[in-house]
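I would like to see how this sequence folds:
(4 chains)
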Protein chains: 2
Amino acid sequence: MTADYSSILEYVGRVITLSDQEKALFTSFLRYRKVRKRQYIVQQGAVCQHETFVVKGCFRAFYIDDHGKEYVVQFALENWWVADLRSFLTQTPADYYVEALENSEIIQIDFDSMEELYRQIPQFNTFFRILMQRAFIVLQQRIVSSYSKTAEERYLEFIKRYPQIEQRVPQYMIASYLGFTPEFLSRLRQQQTHRG
Amino acid sequence: MTADYSSILEYVGRVITLSDQEKALFTSFLRYRKVRKRQYIVQQGAVCQHETFVVKGCFRAFYIDDHGKEYVVQFALENWWVADLRSFLTQTPADYYVEALENSEIIQIDFDSMEELYRQIPQFNTFFRILMQRAFIVLQQRIVSSYSKTAEERYLEFIKRYPQIEQRVPQYMIASYLGFTPEFLSRLRQQQTHRG
DNA sequence: CGCGACGTTGATTTGCCTCAACGATTGTGG
DNA sequence: CCACAATCGTTGAGGCAAATCAACGTCGCG
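Numbering: from 1, shown residues only, chains lettered A, B, ... in the order given. Next up, the predicted model:
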C-alpha cells in the first residue's frame, strides 16, 4: 500500500513550519490505513488507541444510550480529525463508536507515538493547541444553537455550513447530529420544497 | 492592591513545571484585578481583550439573541478560565457577555502578552493544549447530554457535578445554562421535594 | 428477485414553553 | 429606618414544537 502523507503535511504546514527532517520524523510516527464502509475504528467500551486524520472518505462518532438510541456526536470528512478524545487521553474505555460511512483512507497516530511526538517536536503542542481552540469554539456555538434555535433553523444552518456532508450521509444521521428525529427532518424537507 | 499570583502558579504547576525565572517572567505578563458584582469584563460587540483566570468569585458568559433572550454559555468559579475565545483569538467583536456574579478577583493576560508568552515559554503551548482538550471533552459531553437526556436528568446531573454553583447563582441562570425556562426548573424542584 | 435499509406520511401524545399574576426577599434612597 | 422598587421564585392555564408509534413506498444490493 502506498502511504501518501502529503495531505497531512500540507494540513499541518498551514499552522506550523517544519524542517524536512522534522517532517520525516513526524511521518515516521504515523500509520496509513484503508478502512471499508461500516468498519469501526473506535468501539464503545474499548480504549481509543489512535487519533485519526481523514485523508479520504467519511466517518461519524456516535453514542448509544441505555435505551439503544444513537446520538451522532461528530462527522469527520477529508482533513478532519476524529477520535474519542477522553478515551484516548486517559487510555480508558471509550464512550463513542467511530464508524466509516464510506470506504476511506486514514492516517493514525497512537498514544505513545503522540507523547514522543510532543517531546521531539514541541511545535506540535502549538499545532494541537490551535486545533483544539478552534474545535472548542465550534462546540460552544453548537450548544448555543441547540438551545436558542428551532430544529428548522439548525437544519438550514447545517446544510449551509456543511453542504458536502448533506450529500454523503443518510438523513437519519444528520437528524441525530442536530438533535431531532428522522421523521421530523423528513417533514422539514417537505415544507422546504413546497415553499422554495 | 496586593497582586497574589500564588493561585495561578499553583494551578499552572499542576500541569507543567516552570523554573523560578520562568515563573517571574510569566507573572510579569499578568494583571491582577478586582471587579465588582454585575460588572462586565467582556461585552458583546466589543473585542475580548483578555483571557481571565478566576482567583475568587464567580462569572457567567452569556449570549443574547435577536429577541433579547439570554443563554448562559458557561459559568466560571475559582480556578476556572473564562473569555470569549473566538473573539480573543481572532481579535474581532465578541458574541458573548462575561459578567461578574459576585465581587471577584481575577488575573488577566492580553492578546499580545499571550503571544509573547508562547514565544518565550513554549511550555505554555502544552499547558493550554491540555486545558483546551479537557474543555473540549466536557463540551462534547454537554451536547450529548442535551440531546439524550430530559431536562430533569440534566438538572440532577448538574447539581451533582457542580454543587457549589447551585448555591451561588440564581436559578434562572442555571435553567438557562441547562437549556430550559426558570418556570420549568421551579416545577422540577417542587416535584423533587414532594418525592424525596 | 427478495430482503433490508432508508425515507415518507398520518394520527396521536407529550415535554416543555408562554403568558400572566402573585409572593417573598433584597437593596436603596429619602 | 421605613417605603418603594426591583429582582427572583412560584403557580396556574393554555399552547405548540417535536416525539412516538405505526404503516407504507422505494431503492440498492446480494
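
Residues of chain A that sit close to DNA strand D?
Near DNA strand D, the residues belonging to chain A are A:150-152, A:179-181, A:183-184 when assessed by C-beta under 7 Å from any atom of the strand. The C-beta positions use only the backbone N, C-alpha and C, and glycine is treated the same way.

quick one: contacts for A:Thr52?
By C-beta atoms under 8 Å, 6 or more residues apart in numbering or on different chains, the contact set of A:Thr52 is A:41, A:59, A:76, A:81-83, A:98, A:106-108.

So which residues of chain A form helices?
Along chain A, the segments classed as helices by DSSP state H run A:6-13, A:20-28, A:85-90, A:111-120, A:123-148, A:151-161, A:163-168, A:171-178, A:182-195.

Can you add distance to A:Lys37 and mean pLDDT and give the ones you listed back as CSV?
Formatted as CSV, the helices of chain A follow (distance: least, C-beta to C-beta, whole Å; pLDDT from 0 to 100):
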stretch, distance to A:Lys37, mean pLDDT
helix A:6-13, 20, 98
helix A:20-28, 27, 98
helix A:85-90, 23, 98
helix A:111-120, 27, 98
helix A:123-148, 26, 98
helix A:151-161, 23, 96
helix A:163-168, 11, 94
helix A:171-178, 13, 98
helix A:182-195, 20, 90
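
Now mean neighbour count and distance to B:Glu116 too, for the ones you listed, in TSV please.
Formatted as TSV, the helices of chain A follow (neighbours: other C-beta atoms under 10 Å in any protein chain shown; distance: least, C-beta to C-beta, whole Å):
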stretch	mean neighbour count	distance to B:Glu116
helix A:6-13	15	24
helix A:20-28	14	24
helix A:85-90	19	28
helix A:111-120	15	22
helix A:123-148	19	14
helix A:151-161	15	34
helix A:163-168	12	39
helix A:171-178	19	40
helix A:182-195	12	48
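
and of the ones you listed, who's closest to B:Ile174?
For those, proximity to B:Ile174 was assessed by C-beta to C-beta; helix A:123-148 is nearest, at 13.1 Å.

The closest one and DNA strand C, any residue contact?
No. Helix A:123-148 lies out of reach of DNA strand C by C-beta under 7 Å from any atom of the strand, never closer than 8.3 Å.

Please name every helix or strand in contact with that helix.
When contacts are defined as 3 or more C-beta pairs under 8 Å, 6 or more residues apart in numbering or on different chains; DSSP states H and E, helix A:123-148 packs onto helix A:111-120, helix A:151-161, strand B:70-76, helix B:85-90, helix B:123-148.

From the chain's centroid, how far away is it?
Remark: helix A:123-148 is offset 12 Å from the chain centroid, using C-alpha atoms, centre = their mean, to the nearest Å.

what do you get for stretch A:29-45?
The answer for stretch A:29-45 is 12 Å, by C-alpha atoms, centre = their mean.

cool, stretch A:92-103 as well?
The answer for stretch A:92-103 is 10 Å, by C-alpha atoms, centre = their mean.
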